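Student: Structure of the sequence below:
(4 chains)
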Protein chains: 4
Amino acid sequence: MKDTKFKGIIAYPITPFYANEKVDIILYKKLLERLVVSGSHVVAPLGSTGVMPYLNDEEKLAITTATVEQVKGRVPILAGVSNLTTERTIFHAKEAEKAGVDAVMIIPMSYWKLSDDEIVKHYDAVAKEISIPIMAYNNPATAGIDMSPKLLKRLLEIPNITMIKESTGDVQRMHYLKKELGDDVAFYNGSNPLALSAFAAGATGWCTAAPNLIPELNLDLYEAVQKNDLKEAQKIFYKQINLLKFIVEKGLPRAIKAGLNLQGIEGGQLRKPLQSLEKEEINQLQAILNALQ
Amino acid sequence: MKDTKFKGIIAYPITPFYANEKVDIILYKKLLERLVVSGSHVVAPLGSTGVMPYLNDEEKLAITTATVEQVKGRVPILAGVSNLTTERTIFHAKEAEKAGVDAVMIIPMSYWKLSDDEIVKHYDAVAKEISIPIMAYNNPATAGIDMSPKLLKRLLEIPNITMIKESTGDVQRMHYLKKELGDDVAFYNGSNPLALSAFAAGATGWCTAAPNLIPELNLDLYEAVQKNDLKEAQKIFYKQINLLKFIVEKGLPRAIKAGLNLQGIEGGQLRKPLQSLEKEEINQLQAILNALQ
Amino acid sequence: MKDTKFKGIIAYPITPFYANEKVDIILYKKLLERLVVSGSHVVAPLGSTGVMPYLNDEEKLAITTATVEQVKGRVPILAGVSNLTTERTIFHAKEAEKAGVDAVMIIPMSYWKLSDDEIVKHYDAVAKEISIPIMAYNNPATAGIDMSPKLLKRLLEIPNITMIKESTGDVQRMHYLKKELGDDVAFYNGSNPLALSAFAAGATGWCTAAPNLIPELNLDLYEAVQKNDLKEAQKIFYKQINLLKFIVEKGLPRAIKAGLNLQGIEGGQLRKPLQSLEKEEINQLQAILNALQ
Amino acid sequence: MKDTKFKGIIAYPITPFYANEKVDIILYKKLLERLVVSGSHVVAPLGSTGVMPYLNDEEKLAITTATVEQVKGRVPILAGVSNLTTERTIFHAKEAEKAGVDAVMIIPMSYWKLSDDEIVKHYDAVAKEISIPIMAYNNPATAGIDMSPKLLKRLLEIPNITMIKESTGDVQRMHYLKKELGDDVAFYNGSNPLALSAFAAGATGWCTAAPNLIPELNLDLYEAVQKNDLKEAQKIFYKQINLLKFIVEKGLPRAIKAGLNLQGIEGGQLRKPLQSLEKEEINQLQAILNALQ
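Tutor: All right, here's what the predicted structure looks like:
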């Protein structure tokens, strides 16, 4: 299982809501379809972009099912199944496998800081219950816990943990993974403004919500790297950097929804306490999108 | 409502589990009773100590109900009702009021960082739905968001937010609150190792899990401060500081459970991914408890 | 030598300059005299406040000599002798002893981060060359290196290191020192906004530039603590806190000079790159001083 | 002057000392010669590597003079002239220009944190007194002050500030500079482990002490980038990354001296408080050097 097939642009859909804050599955499918047809190599429902932690169990299952139905095998599906408790994480991982996703993504959500041993046991308990690959995901900014490179290395000893997603925004973490683990494992960049550095460092893929707004630029960056054309990659990266920085600074669900609206696409509502961007922020985003033309 | 009656030692019970990870309500009531009879001025179920975020809705309601039944009005009850979504926070705040608690504690849990406006709207939406006082709680280490003193000041304009709990561990936050807000508002210390500094700075109370293990020392510190006896307060504080530091460093639920066991009291099991302390850590705790005799 | 006599308010004079940036020794003596007659228990030339690192060797010697001449034994003198190199630190420590100061203060200035062993050897090399006591001084914000409590404990094994000045602004460092070292050693607070917490924690003295502006309030705080009157200490502390915060935020040399001018006292010029406070900052300071009346 | 000619590998010599801690100019010239003949594009005496802050005025002048004599115009010279005071910085900048160096490097050394205005005035005062280009250098880890991208942009309005050296280790600073300033200005990477990311981001050169030990690998990385061969650059970078990390972690003067010794080259002594690496650290370095063969 260590030779997982994911590479390239792994696109994260948002989860849209109706005005009454119920999940809008119909709109979700439309937005997901856009990601598939615009060329993303993998789609990743129930990530941070998809506000997974704000959904209840039924809503998560509905999103997973809808994703499988809509994608119809055209691209692989990587589903988020993280939860504060080990029991609920296992529950969602099993449901996702049953629904037909290709791999699951797990971040060690924390309220109480977890020890390295607790994290290993958590992943191990989940891994034993499923037979699809796991992407271990490190993102201290959202999850409140920072997995050291050494811990990530330990996690990779668990058979079906085949991928590492690094979102600390520190390219030296990737250098360490690459140097220590060689070609045995694939690492993925989850920090949008680090896209160029990460590919230069050898990242196998880029986990990003940006394809909701600028799929061509995201794909072109990957292609330039594949063609070993650094100058071209640099040029394409600098074209999109302001958008990448904006969506990270404002929070992906808020920024993607605003960007969709500016592009004339329905993006649904947010679930509270998340609120839409302010008018001034939307104007900034409009200026950034205009500059891309 | 701004003249809330809470002061002194606000004690946080743990939530014990059976080996199968179900909540053990019978044991919970016994542990809660210990806090009441040993003299705590207020009890606070469903705090971080009570692993509230790891419980589902039914379990939270069961704990709240059990608390009201057991306390029988002997001391006030401050119940945690925080949730990632505004809708669920309102739900639990209303249920807690209906069950008969005296006040609710709300921390702005975050996955996506919230703007100040989002936080104010979140609190405001909850406050409108209940008529009991709210303690706003700032603890970036567990909740992932740090409310500035300025934001806390804004929150205090909401009528039933009458109390502020500060757990950043930075006494200068308390200085600011005291200096800016004067005697209009009560602030509470949630950082155990800061107990002496916080009382010196004018804290109205101390929110702590320590009374599960050393209620007399906690109460004695408060009494010494009430008697304006700094030298005595200092002496009592230094007696307990190593325990206070230990329980914070190891995580309150883990450390309190271990301490109860060392004192010959049943503390139940933890819910995974939280694991019991290691043997070496338990030995450290034993040494600290021995030194208190 | 471990029973050093320093306690109470240790006052730091500024080093004033002429418009041509030469040191103004005449004005220095006048400003120093104000500290002595207003009741400071110790004076400390060539501290951060005295911009010691911006002075050349001759200027430092001139300040030391002027201090001894002016003080004439009325209060003890604690002279700063820190330098990036061990050789220059020894040179200044010996000169200070020869000039007649009572103790020297040494901060491990760093450009290249020093290892614990390098710091111990540095202090040890200096300590061997003098026979007056040394105050080891920890202030990462100015010196770029943070000595852990464990390292401070190691330093105290050097015979003439008898005092520790802690300026990290973290009261828990003081708790550790007090708990670990008991009554064997004196620790001093160098963080102005922490004055109350530090005295509550058992600090022997307060190293501060504030007596240049508000000597009575500084002394009154110390007296209230000596009388074990916490309520009074708290009241006096909150009276001066805004000034304490201001002078730290703006940089002591700049803020003290501005404050002296507002009080109608000549404060001399600063040495570049340090510049006088902006008009708006001076207005803030005026408002803070007015509120003290 | 904005079209400065520096690009490629800018090599930093160490400053060796005799056992009595005097500067060893003869050995300095030998070590400098190695950098020139092994192909470095520029040499940079009196940098952090050259322990400039630990030298007195005479020693700095001697190093500058020795550099000009030894290099004899074969490569450009970039001399460090930073000082805590503006007056001494001007002094050394003028002396360096007089001695015949091609450009000066200035970091805003700080004891008291400087405001943005103070920093601009500092640079401006120096710039007015010389007619050679200035490289503004940002390195919070050694200098204690972090110049924001916005401040760096302001500095570039000063006519002879033509180059920016960024050593924060945050590639996003470089993205900002590149995006904001376009091709008007050259930026240089001063963080060794970031060498690949920085070149990918468009850095004009790499300021590094590594050519003292591995000049071919450093030059090969630059050449691969020039040839737009990302795959080759990545391969060469990962070959040297462990050495780059080691020399940064241990401190450049200590690590370069130890590495020279391991390669059978005399590296002189360090000036105290800096001490030689411990035996275990030297063994680590040996292992890293062995792995390069």
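
Student: okay, now the residue of the stretch 1-150 of chain A found nearest chain D: neighbour count?
Tutor: Closest residue of the stretch 1-150 of chain A to chain D, CB to the nearest CB: A:Pro149 (12.0 Å). Quick note: C-beta positions are derived from backbone N, CA and C, even for glycine. The tally of other residues near A:Pro149 (other CB atoms under 10 Å in any protein chain shown) stands at 19.

Student: residues contacting it?
Tutor: A:173, A:176-177, A:180 (CB atoms under 8 Å, 6 or more residues apart in numbering or on different chains).

Student: Repeat the analysis, applying 6 Å as the threshold.
Tutor: By CB atoms under 6 Å, 6 or more residues apart in numbering or on different chains, the contact list for A:Pro149 reads A:173, A:176.

Student: And it, how close does it get to A:Met174?
Tutor: According to CB to CB, to the nearest Å, A:Pro149 and A:Met174 sit 9 Å apart.

Student: Repeat that for A:Leu114.
Tutor: Noted for A:Leu114: a distance of 23 Å to A:Met174, by CB to CB.

Student: For the two, indicate the residue with more neighbours.
Tutor: More crowded of A:Leu114 and A:Met174, by other CB under 10 Å: A:Met174, with 26 against 21.

Student: That one sits in which helix or strand?
Tutor: Following DSSP states H and E, one finds A:Met174 within helix A:171-181.

Student: in that helix, what counts as buried?
Tutor: Of the residues in helix A:171-181, A:171-179, A:181 count as buried by neighbour count, 16 or more other CB atoms under 10 Å in any protein chain shown.

Student: Likewise for stretch A:187-199?
Tutor: By neighbour count on 16+ other CB under 10 Å, the buried set for stretch A:187-199 is A:187-199.

Student: Mind jotting down where the strands sit in chain A?
Tutor: A:8-11, A:42-43, A:78-80, A:103-106, A:134-138, A:161-166, A:186-189, A:205-208 (DSSP state E).

Student: Give me whichever of these is most buried.
Tutor: strand A:78-80 (a mean of 30; mean count of other CB atoms under 10 Å in any protein chain shown).

Student: low pLDDT regions in chain A?
Tutor: Residues of chain A meeting the criterion pLDDT under 70: A:1-5.

Student: for chain B, what are the nearby residues on it?
Tutor: A:53-54, A:84-86, A:111-112, A:114, A:118, A:122, A:142, A:144, A:251, A:271-273, A:275 (CB under 6 Å from any CB of the partner chain).

Student: If we ignore the residues flanking it in sequence, what's nearest A:Glu59?
Tutor: Nearest non-adjacent residue to A:Glu59, counting by CB to CB, 6 or more residues apart in numbering or on different chains: A:Val23, 5.0 Å away.

Student: how many neighbours does that neighbour have?
Tutor: 22.

Student: Show me what it is bridged to.
Tutor: Beta-bridge pairing of A:Val23 under DSSP bridges involves A:Phe17.

Student: and the gap between it and B:His92?
Tutor: A:Val23 sits 21 Å away from B:His92, taking CB to CB as the criterion.

Student: ok, now A:Ser276?
Tutor: 25 Å.

Student: Please list all residues in contact with A:Leu194.
Tutor: By CB under 6 Å, 6+ apart, the residues touching A:Leu194 are A:169, A:171.

Student: residue nearest the centroid of chain A?
Tutor: A:Cys207 (4.5 Å; CA atoms, centre = their mean).

Student: Surely that one is in contact with A:Tyr188?
Tutor: Yes: counting by CB atoms under 6 Å, A:Cys207 does reach A:Tyr188; the two are 5.2 Å apart.

Student: that older thread, how about the buried residues of helix A:171-181 in a markdown table, adding distance to B:Leu243?
Tutor: Listed next are those as a markdown table, based on distance: CB to CB, whole Å:
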| residue | distance to B:Leu243 |
| --- | --- |
| A:Val171 | 42 |
| A:Gln172 | 38 |
| A:Arg173 | 36 |
| A:Met174 | 41 |
| A:His175 | 42 |
| A:Tyr176 | 38 |
| A:Leu177 | 40 |
| A:Lys178 | 44 |
| A:Lys179 | 43 |
| A:Leu181 | 42 |
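
Student: and the longest helix belonging to chain A, anywhere near chain D?
Tutor: In chain A, assigned by DSSP state H, the helix with the most residues is helix A:230-250. Yes: using CB under 6 Å from any CB, helix A:230-250 comes into contact with chain D via A:230-231, A:234, A:238, A:241.

Student: picking up where we left off before, what sits against the residue nearest to the centre of chain A?
Tutor: A:Cys207 neighbours (CB under 6 Å, 6+ apart): A:10, A:165, A:188, A:190.

Student: just to revisit the earlier point, arrange the buried residues of stretch A:187-199 in JSON lines, one row each, with distance to C:Leu217 as further columns.
Tutor: Putting those into JSON lines (distance: CB to CB, whole Å) gives the following:
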{"residue": "A:Phe187", "distance to C:Leu217": "58"}
{"residue": "A:Tyr188", "distance to C:Leu217": "58"}
{"residue": "A:Asn189", "distance to C:Leu217": "55"}
{"residue": "A:Gly190", "distance to C:Leu217": "52"}
{"residue": "A:Ser191", "distance to C:Leu217": "49"}
{"residue": "A:Asn192", "distance to C:Leu217": "52"}
{"residue": "A:Pro193", "distance to C:Leu217": "49"}
{"residue": "A:Leu194", "distance to C:Leu217": "51"}
{"residue": "A:Ala195", "distance to C:Leu217": "55"}
{"residue": "A:Leu196", "distance to C:Leu217": "56"}
{"residue": "A:Ser197", "distance to C:Leu217": "53"}
{"residue": "A:Ala198", "distance to C:Leu217": "55"}
{"residue": "A:Phe199", "distance to C:Leu217": "60"}
